[in-house]
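Engineer: Got a sequence here, can you build the structure:
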Amino acid sequence: MLAYDPEFHEHLPTQFPHFEGAQNIFKGKEFRFGTASLNASLQIGYFIVGVRAAGLAAGPMTGFKGKAIDEEFFAETGYQTLVVVNLGKPGEDAWFPRSPRLELDQVITTV
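Structural biologist: Next comes the predicted model:
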């Protein structure tokens, strides 16, 4: 499970000492959720790239019961699960051909 700390702003005086009062920017829980989940999602991407670079397979999954996971594993911390990742060495013939992709002009708009 990869999770984020919804109270991350409490650590900003230590982690971001050159911006006095930075934690005051994140007083609203909804605002913190957007910032925390976006930054944690970026870190999840780096984690998956690192795992795969180490020669392991990483299978990120969503659609799980996050509240149940949080209650079981993170009750004392308040962390909130964003993704569950399978890690390991894939078995023989574990891969299938790459799925079709959209064309560049279907997904990118240049301004």
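
Engineer: quick one: strands adjacent to the lengthiest strand in the chain?
Structural biologist: Across the chain, the strand with the greatest residue count (assigned by DSSP state E) is strand 80-88. Partners of strand 80-88 in the sheet, by DSSP bridges, are strand 2-4 (antiparallel), strand 57-61 (antiparallel).

Engineer: out of these, nearest to F73?
Structural biologist: strand 2-4 (8.3 Å; CB to CB). Where you see a C-beta, it was placed from the backbone N, CA and C, and this is true even at glycine.

Engineer: What's the first helix or strand after that closest one?
Structural biologist: helix 12-15 (DSSP states H and E).

Engineer: Next, the buried residues of that next one.
Structural biologist: For helix 12-15, burial by neighbour count (16 or more other CB atoms under 10 Å) applies to L12.

Engineer: can you list contacts of the helix or strand that it is followed by?
Structural biologist: Per DSSP H and E, the first helix or strand lying C-terminal to helix 12-15 is helix 29-53. For helix 29-53, contacts defined as CB atoms under 8 Å, 6 or more residues apart in numbering pick out 2-9, 26, 57-58, 60, 82-83, 85, 87.

Engineer: again, only using 7 Å
Structural biologist: Identification of contacts with helix 29-53 by CB atoms under 7 Å, 6 or more residues apart in numbering yields 2, 4-6, 8-9, 26, 58, 60, 82-83, 85, 87.

Engineer: now that helix against strand 80-88, angle please.
Structural biologist: 10 degrees (axes from the mean of the first three to the mean of the last three CA atoms, to 10 degrees).

Engineer: filter the contacts of helix 29-53 to the buried ones?
Structural biologist: Judged by 16+ other CB under 10 Å, buried ones among these: L2, Y4, D5, P6, F8, H9, F26, A58, L82, V83.

Engineer: Would you tell me which one of those comes nearest to E71?
Structural biologist: Nearest to E71 among the buried ones among the contacts of helix 29-53: P6, at 14.7 Å, using CB to CB.

Engineer: how far away is that closest one from A75?
Structural biologist: Applying CB to CB, to the nearest Å, the value for P6 to A75 is 14 Å.
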